[in-house]
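Enquirer: I'll drop the sequence and a predicted model, then ask my questions.
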Amino acid sequence: MSRDKVWLEVALNGAAGQSLQPGIPISEDAIVEEALACVEAGASIVHLHAYDHAGQPTEDPAVYARIIRSIRQHCNAIVYPTLGLLGSVEERYGPIRALAAEGLLEWGVVDPGSVNITHEFQIAGRQDGLLYPNPDAHIRAGLELAQEHNWRPAYAIYEPGFARLGAAMAATFQTLKTPIYRLMFSDHLLFGMAPTLYGLEFYAKHLAAVAPGAPWMISGLDADIQNILLPALEMGAHVRVGLEDSPFGAEATNLQLVSDAVAKIKMAGHELATADEIRAAN
């Protein structure tokens, strides 16, 4: 059993919108308020998506900057934004570059692979899901920015090959911070693995082979990870919870999800890592 302290992240909202996840915060004030409550409850890492005044997702760096600064004024958490789903390298990483230039990035999204994100209801209705493209050039650009501005890449591992490609690319950068490998489970979106003990054990062995010693975390999208949380802790995993990851239509709040995770982590005999302890990790 790992004796390392557990990194707890909260993913406040995501890009699905309130039609699929009614409880997510979308206004700047609501995002800041929920972030601070979750940090007070025990989360040391906050991930967020920004929305405009019309309630639509936006990658405007000015919006992100206001939110991140507001959270940082009141707590010491690591706060990081999403990455645009589509577009050119500049369209996707331009906002990230702008935030890094202002000293507002400690972590950032670099997803090492492309994937079809398709829900079961779309299969039943013969509808197309979302193609999430991450060409090699985009991955390299993200890692170059991470090395240049000294922030940690956060890899979302939708498929096993993402870990292989991400590890191989990271190894080509001399001073890059070690990426965190965040396992993406789902109950109803048809990528990767469902949140089962089988899927968890497979990924734990896979990561030990392709990215030995790297930090890794359980999470998901439209996923209930509660049944694998305790065994994941025993395997040395870190944890992400929040409405971005939860089953669509979740009734729990971000604060409730964080509080429940904190209780389970402590019940299992683990301590929570502080933001400064996470910053100091390799």
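Expert: Yes, it's here.

Enquirer: So which residues of the stretch 101-250 of the chain form helices?
Expert: Ranges of helices in the stretch 101-250 of the chain, per DSSP state H, counting those that start in this stretch, are 120-124, 136-149, 160-170, 197-210, 226-234.

Enquirer: Strands of this structure, residue ranges please.
Expert: Ranges of strands in the chain, per DSSP state E, are 8-11, 45-48, 50-51, 57-58, 78-81, 107-109, 115-117, 130-132, 152-157, 180-185, 216-220, 238-241.

Enquirer: Indicate which one of these is closest to Ala171.
Expert: Across the strands of the chain, Ala171 has its closest neighbour in strand 152-157 (12.5 Å, CB to CB). To be clear about C-beta, it is placed using only N, CA and C from the backbone, and glycine gets the same treatment.

Enquirer: Using PDB, list the CA coordinates for that closest one.
Expert: C-alpha atoms of strand 152-157 as PDB (Å, rounded to 0.1, in the frame of the first residue of the first chain):
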ATOM      1  CA  ARG A 152       2.600  20.200 -14.900                       C
ATOM      2  CA  PRO A 153       0.900  18.400 -17.800                       C
ATOM      3  CA  ALA A 154      -2.400  16.700 -16.800                       C
ATOM      4  CA  TYR A 155      -3.000  13.800 -19.100                       C
ATOM      5  CA  ALA A 156      -6.500  12.500 -19.500                       C
ATOM      6  CA  ILE A 157      -6.100   8.800 -20.300                       C
END
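
Enquirer: any idea of the mean pLDDT for it?
Expert: The average pLDDT within strand 152-157 is 98.

Enquirer: Kindly report the same for stretch 122-135.
Expert: Mean pLDDT, computed over stretch 122-135, is 95.

Enquirer: Tell me, how many residues neighbour Tyr198?
Expert: 10 (other CB atoms under 10 Å).

Enquirer: What of Ala204?
Expert: 19.

Enquirer: picking that back up, got JSON lines for the strands of the chain, with mean neighbour count and distance to Ile139 too?
Expert: Putting these into JSON lines (neighbours: other CB atoms under 10 Å; distance: least, CB to CB, whole Å) gives the following:
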{"stretch": "strand 8-11", "mean neighbour count": "28", "distance to Ile139": "21"}
{"stretch": "strand 45-48", "mean neighbour count": "27", "distance to Ile139": "19"}
{"stretch": "strand 50-51", "mean neighbour count": "23", "distance to Ile139": "23"}
{"stretch": "strand 57-58", "mean neighbour count": "16", "distance to Ile139": "22"}
{"stretch": "strand 78-81", "mean neighbour count": "24", "distance to Ile139": "17"}
{"stretch": "strand 107-109", "mean neighbour count": "22", "distance to Ile139": "11"}
{"stretch": "strand 115-117", "mean neighbour count": "18", "distance to Ile139": "13"}
{"stretch": "strand 130-132", "mean neighbour count": "14", "distance to Ile139": "13"}
{"stretch": "strand 152-157", "mean neighbour count": "26", "distance to Ile139": "9"}
{"stretch": "strand 180-185", "mean neighbour count": "26", "distance to Ile139": "14"}
{"stretch": "strand 216-220", "mean neighbour count": "25", "distance to Ile139": "18"}
{"stretch": "strand 238-241", "mean neighbour count": "26", "distance to Ile139": "21"}
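
Enquirer: Can I get the helices of the stretch 101-250 of the chain in JSON lines including distance to Pro57?
Expert: JSON lines is the format used below for these (distance: least, CB to CB, whole Å):
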{"stretch": "helix 120-124", "distance to Pro57": "20"}
{"stretch": "helix 136-149", "distance to Pro57": "19"}
{"stretch": "helix 160-170", "distance to Pro57": "23"}
{"stretch": "helix 197-210", "distance to Pro57": "29"}
{"stretch": "helix 226-234", "distance to Pro57": "28"}
